[in-house]
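Engineer: need a structure here:
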Amino acid sequence: MHKKLVLKTFDDDPQLIQDKIKCAFQNLQVPDRLYGGIVQFWAPTVSGCGRQLLTTSNQPFILSTFHLDDDGKYRLCCLKYRYLVDAINNNNNVRVVEEDEDEEDAEMIINDGAVATAFLNQTPELLLPYLKVAHQQSPSPLLSAALKCRLGSCVMVPVFDPAQSCCIGVIEFSFPAFSSMDFLQVLNELNTALEEQGLKTFHARDRLPYKMLDMCKYFVPMKQAIPGLEHAKNEIDDALKFIADTHGLAFADVWIAYKDENPVSLSSLEDGHAKRVIGLKLTDYNNSVILDDGVSKTVEHQFTSYGNACYRLPLKMGEGLIGKTFQNYEPYFVEDLSQLSDQDSLLKLVTSFFDDSLFVIYLRSTKTGNLDYVFEFFWSNDQDHVILMETLLLSFKRYLPSFIFEPGVELGAHEIDILDVRDSKISENTYIKIFKRNRRSLKRGRQSTVEECLTPSKPRGKTTPIELSREQIESQFGQTQEKAAKKLNVHVSTLKRKCTKLGIKWQGKDIVEENESDMNDEEDNGGAIQDNTGEASLDKNMVTIKAEYADDVIMFTHPISSATSKAVEKEIVKRYELDPTARYKLKYLDVENKEWILFTCDENVTLFQKDKRNVRLRLITRDPSHT
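Structural biologist: Okay, here's the model as predicted:
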């Protein structure tokens, strides 16, 4: 006997909803902006035997012109299947065929999946960045089809009709390479387009328990407000602005753990009355400054897109660094976001564009009981991270005195261990200790440290600038940059930035030995320079380049004399048959330190002269809306 759910999910005029979705899709070059993929609408319907299903048949969709054949095949496959959104009391997750139901049709019904989960939970589902992992965990014929059609990422967004107080369907975004900022912008633009049609998508503000929530207005059950939350948010807003401005932070946001009491079954395996906890974004502060250099403007826009998207993409417990912090209460630090692995689906939306550092910490307020908060801070990675983390928490102690790390641990008075996420591996358990007893700043007295920390800095500025002279840098020649940075007491990224600024070409151990060997050879030959053969001379004038784009790698040679970043980028675009009018950026692999470095100007062409045998490059698409 199946449990029936009575859901108000069907419009009196389905054609009206279809027309609204179609209008929202029009003039949005969504898949092309994502360089391949499909956007399609899944609408609720009722089978002949009364089953509630989701289908994309006869519903609006958009296909990419980049991989039309593959995307078209996936679309045709989706037309064959429907998602079951009935609550089924079946512990084995096996589809039961009714007597009046065709067995062949039943085989085309999927019991569980991201589309159905998004519809039932009324919250977005993220399968980022790899569908392969999701398919391994929960095999599905449509996930298998998506992988065969080179679709690697997927986001399911439920759509609501305020006039009916219900979920009217799900919009699926499926696309190949992870084109992060393009997706964020497309998501925000689509939300605007839907609102113009009188529709809306999930937003955290509709779930925040400030007051009794009206089911007719917010599509969720009535829930008692958390006393003091609205007042706490106002205090946090004021504190974030002051702290970000004072310490030159780029961006900061705050999340809370929310118990979702959705009465609809999460899947066929779960109790219809089960509660789940999700991370909802509470507030943020964007301190990026728009300058005339264009770079800062792009950064500001991207943090704005990221911040807006976070309100619409809730997190599951254990998902990403924020979800892990909610789960284990561990603070995390990432020195370089560009090196973050694919374990954090939401943060991966920005890591392709930023090499900023990230600090995530769990706190609780004595004014809101057992409500969990997670604070997330971004800043440029050329700062003294330990001192900055200490100053941040000391600022919190002063401006948010009701927030504590854990009972019995006083910020500034007790040592705190922060999990250092390096090389995209959290399991290594490398910790950074802050507020160490022997730290010189604490020896001078905690009060003087607080005053020192709270001295305002320039907007979007740095903390104390790290000065390195040419003499100091050149004195470290003959070793790796990582070892040199350690001896100079700076981070590798800081050392590289200083070298670029001073026009210094790093002389590692191999280069120094090579130069010494060349000098000895010249002395043995009376200082005469030996002529090479024509073939060797030709090799010296060419550089071998391996270029990555999405999941593909190509290799070609290029004359060193014309190997500027623009010329090489143009050649890669041509060989991959990409859109030459689109905007791209180029990164090269620093073999010595295993880091991807962004080409900032043609000063980096010395790279091609340094290693002619194998230069590894990576081409990444930029936000096409910016020039």
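
Engineer: Which strand residues bridge the closest residue to L598 other than its chain neighbours?
Structural biologist: Nearest non-adjacent residue to L598, counting by Cβ to Cβ, 6 or more residues apart in numbering: K587, 5.3 Å away. The C-beta positions use only the backbone N, C-alpha and C, and glycine is treated the same way. Beta-bridge partners recorded for K587 (DSSP bridges): L598, R618.

Engineer: So that it lines up with my notes, have the first residue be 34 from now on.
Structural biologist: Taking 34 as the first residue, the last one we looked at is K620.

Engineer: so how far is K531 from K620?
Structural biologist: Counting by Cβ to Cβ, to the nearest Å, the separation of K620 from K531 is 20 Å.

Engineer: And those two? Which one has more around it.
Structural biologist: Between K620 and K531, counted using other Cβ atoms under 10 Å, K531 has the larger neighbour count: 21 against 18.

Engineer: my read is that one is in a helix, agree?
Structural biologist: Yes. Counting by DSSP: H, G, I helix; E, B strand; the rest coil, K531 is part of a helix.

Engineer: Quick check: closest non-adjacent residue to it.
Structural biologist: Among residues not flanking K531 along the chain, L501 sits closest, at 4.7 Å (Cβ to Cβ, 6+ apart).

Engineer: Please apply the same query to D317.
Structural biologist: Nearest non-adjacent residue to D317, counting by Cβ to Cβ, 6+ apart: D286, 3.6 Å away.

Engineer: Provide a list of residues in contact with that neighbour.
Structural biologist: By Cβ atoms under 8 Å, 6 or more residues apart in numbering, the contact set of D286 is 314-318, 340, 343, 408-409.

Engineer: Just read off the phi/psi values of R616.
Structural biologist: R616 adopts backbone torsions of phi -100, psi 140, taken as degrees, to the nearest 10.

Engineer: separation between it and A596?
Structural biologist: R616 is 21 Å from A596, by Cβ to Cβ.

Engineer: Between the two, which has more neighbouring residues?
Structural biologist: Between R616 and A596, counting by other Cβ under 10 Å, A596 is the more crowded of the two (20 against 12).

Engineer: wait, the more buried one sits on V576?
Structural biologist: Yes. Using Cβ atoms under 8 Å, A596 is in contact with V576, at 5.8 Å.

Engineer: The residue nearest to N91 when sequence neighbours are not counted: which element?
Structural biologist: Excluding the flanking residues, the one nearest N91 by Cβ to Cβ, 6+ apart is Q51, at 7.8 Å. Secondary structure from DSSP states H and E places Q51 in helix 47-58.

Engineer: by contact count, what packs against that helix?
Structural biologist: Contacts defined by 3 or more Cβ pairs under 8 Å, 6 or more residues apart in numbering; DSSP states H and E place helix 47-58 against strand 71-79, strand 199-208, helix 213-229.

Engineer: Reformat the ones you listed as a markdown table; add mean neighbour count, distance to D104 and mean pLDDT.
Structural biologist: As requested, those are exported to a markdown table (neighbours: other Cβ atoms under 10 Å; distance: least, Cβ to Cβ, whole Å; pLDDT from 0 to 100):
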| stretch | mean neighbour count | distance to D104 | mean pLDDT |
| --- | --- | --- | --- |
| strand 71-79 | 22 | 5 | 92 |
| strand 199-208 | 25 | 8 | 90 |
| helix 213-229 | 20 | 15 | 79 |
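
Engineer: With distance to C182 as added columns, please give the ones you listed in TSV.
Structural biologist: Putting these into TSV (distance: least, Cβ to Cβ, whole Å) gives the following:
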stretch	distance to C182
strand 71-79	9
strand 199-208	9
helix 213-229	18
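
Engineer: mind checking pLDDT for N295?
Structural biologist: N295 is assigned a predicted lDDT (pLDDT) of 57.

Engineer: check contacts around Y617.
Structural biologist: Neighbouring residues of Y617 by Cβ under 8 Å, 6+ apart: 602, 606, 611, 652-655.

Engineer: make it 6 Å
Structural biologist: Applying Cβ atoms under 6 Å, 6 or more residues apart in numbering, we find Y617 in contact with 602, 652, 654.

Engineer: Doesn't the first one lie inside a helix?
Structural biologist: Yes. E602: assigned to a helix according to three-state DSSP.

Engineer: Now stretch 348-360 - C-alpha only, CSV.
Structural biologist: What follows is stretch 348-360, C-alpha atoms only, in CSV (Å, rounded to 0.1, in the frame of the first residue of the first chain):
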residue,chain,number,x,y,z
LEU,A,348,24.4,23.8,1.6
LYS,A,349,24.0,20.3,3.0
MET,A,350,25.8,19.4,6.2
GLY,A,351,29.3,18.1,5.3
GLU,A,352,29.2,19.8,1.9
GLY,A,353,32.2,22.0,1.3
LEU,A,354,34.2,23.8,3.9
ILE,A,355,31.2,25.5,5.3
GLY,A,356,29.2,22.3,5.6
LYS,A,357,32.2,20.5,7.2
THR,A,358,32.6,23.3,9.7
PHE,A,359,28.9,23.0,10.7
GLN,A,360,29.5,19.3,11.1
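
Engineer: list the buried ones in that stretch?
Structural biologist: Using 16 or more other Cβ atoms under 10 Å as the test for burial, stretch 348-360 gives 348-350, 352-360.

Engineer: What average pLDDT does that stretch get?
Structural biologist: Across stretch 348-360, pLDDT averages out at 87.

Engineer: Kindly report the same for stretch 94-109.
Structural biologist: Rounded mean pLDDT across stretch 94-109 is 83.

Engineer: and that stretch, how far apart are its ends?
Structural biologist: In stretch 94-109, first residue to last residue: 12 Å (Cα to Cα, to the nearest Å).

Engineer: For it, list every residue counted as buried.
Structural biologist: Buried-residue list, stretch 94-109, by 16+ other Cβ under 10 Å: 94-97, 99-100, 103-104, 107-108.

Engineer: Now compare these and name the two farthest from each other.
Structural biologist: Using Cβ to Cβ, these reach their maximum pairwise distance at F94 and F99, which is 15.6 Å.

Engineer: Regarding K314, what is its secondary structure?
Structural biologist: Per three-state DSSP, K314 ends up strand.

Engineer: who does it bridge with?
Structural biologist: With DSSP bridges as the criterion, K314 is bridged to W288.

Engineer: confidence score at it?
Structural biologist: pLDDT, K314: 94.

Engineer: What is the neighbour count of the residue lying closest to I394 once chain neighbours are set aside?
Structural biologist: In this structure, I394 finds its nearest non-sequential neighbour in P364, 4.1 Å apart by Cβ to Cβ, 6+ apart. Neighbourhood size, P364 [other Cβ under 10 Å]: 23.

Engineer: Touching, P364 and L396? I think so.
Structural biologist: No. P364 is beyond contact range of L396, at 9.5 Å (criterion: Cβ atoms under 6 Å).
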